[in-house]
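[1] Next comes the sequence, and after it the predicted model I'd like to discuss.
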Amino acid sequence: MAHRLFEGKDHAASYWKYRISPSDQLIQRVLEFVRKQKGEPLLLAVDVGCGSGQGTVLLAKHFESVVGTDVSPAQLEVASQHAREPNVTYRQCVAEELPFADSSADLITAMCAFHWFDRARFLQEADRVLKPRGCLALLNYTLDMELAYPGCCQQSLNQVCKEFYAALHPYRSTILGPKSIELYREAYNSIPYADKEWNEEMWVKKSMPLSSYMGFVESFSSYQALLREDPQKAERLSQDICQRLMSIMKVTSAETEVVLGVKYFYLLASKSG
């Protein structure tokens, strides 16, 4: 069964506000693969572990119907509050028991969520629900993130970021192992489909306020675990990191724009016809 770590209302709100949506470039990679393997029409896409729906809505203009699923009512409540596309709906369920008929979906995605599932059971369920030539897309990013600010030593900035991640590492879930990318690589090797693709070097850059970068890291499961254990320690850590970053940047406001580079990896696979 999927591990339930993101169900609080505050955490769900934080997800919507700070989590980074997959880039247009990344979504296009997925769509190019689906169109190459399956072709038109694209009727149903299912976004599993959709959280607050940032990735789900990106599929809306490409499919007749898009359904986001998640185990958390709080996450789905936030997703529904921000739903604008008439062809996007949300359903509560676990990732390993999807409420869809056999051979019904053109695409099943899991954006930054697959590592929390019972992976073997989910892959079996995805195989059941996918149409022949339907596609599976599993996306995630690494902690090899890079901050940049004009006229500032990027190495110094990112040394502080690495210290932030290192301080959170003891609170990292053991479910994820040393590096979650290994869970995806293992899944790639286990999927029996002939047509599949692996990429672990896709950089995406996004401009945002420094405060949003801090909020992004604070939405991580490791920071949330620290927050539950010792709220004051978590707050001190976050404030210290933010102040050190501002000092290196020589700015006084956390609303100063920085550029965050995020390294994505993805697995694409097409069910045999």
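    Thanks, I have the structure now.
[2] can you give me the helices in the stretch 51-200 of the chain?
    Ranges of helices in the stretch 51-200 of the chain, per DSSP state H, counting those that start in this stretch, are 73-81, 119-129, 154-168, 181-190.
[3] Can you spell out which helices and strands pack onto the first one?
    Packed against helix 73-81 by the contact rule (3 or more CB pairs under 8 Å, 6 or more residues apart in numbering; DSSP states H and E) you find helix 9-18, strand 65-70, strand 88-92. C-beta: built from backbone N, CA, C; applies to glycine.
[4] what's the burial count for the residue lying closest to C50 once chain neighbours are set aside?
    Sequence neighbours aside, G68 is the residue nearest to C50 in space, at 3.3 Å (criterion: CB to CB, 6 or more residues apart in numbering). By other CB atoms under 10 Å, the residues close to G68 number 29.
[5] again with the one 5 residues further on
    Using other CB under 10 Å, the number of residues around P73 comes to 12.
[6] Show me the contact partners of stretch 80-100.
    Identification of contacts with stretch 80-100 by CB atoms under 8 Å, 6 or more residues apart in numbering yields 1-2, 16, 44, 46, 48-50, 52-53, 56-57, 60-61, 63-73, 76, 79, 110, 113, 116-118, 121-122, 125-126, 129.
[7] Name only those of these that count as buried.
    Neighbour counting by 16 or more other CB atoms under 10 Å classes 2, 16, 44, 46, 48-50, 52-53, 56-57, 60, 63, 65-72, 76, 79, 110, 113, 116-117, 122, 125-126, 129 among the contacts of stretch 80-100 as buried.
[8] related to what we said a few turns ago, lowest mean pLDDT across the helices and strands packed on helix 73-81, which one is that?
    Lowest mean pLDDT within those: helix 9-18, a mean of 51.
[9] Just give me the longest helix of the chain.
    helix 231-249 (DSSP state H).
[10] Report all helices and strands that whichever helix or strand comes after that one contacts.
    Moving toward the C-terminus from helix 231-249, the next helix or strand (DSSP states H and E) is strand 257-270. Judged by 3+ CB pairs under 8 Å, 6+ apart, the packing partners of strand 257-270 are helix 24-37, strand 130-141, strand 146-148, helix 181-190, strand 195-209, helix 210-218.
[11] rewinding a little: so for E146, which of the helices of the stretch 51-200 of the chain sits nearest?
    helix 154-168 (5.6 Å; CB to CB).
[12] The closest one packs against which elements?
    Counting by 3+ CB pairs under 8 Å, 6+ apart, helix 154-168 packs on strand 146-148, helix 210-218, helix 221-229, helix 231-249.
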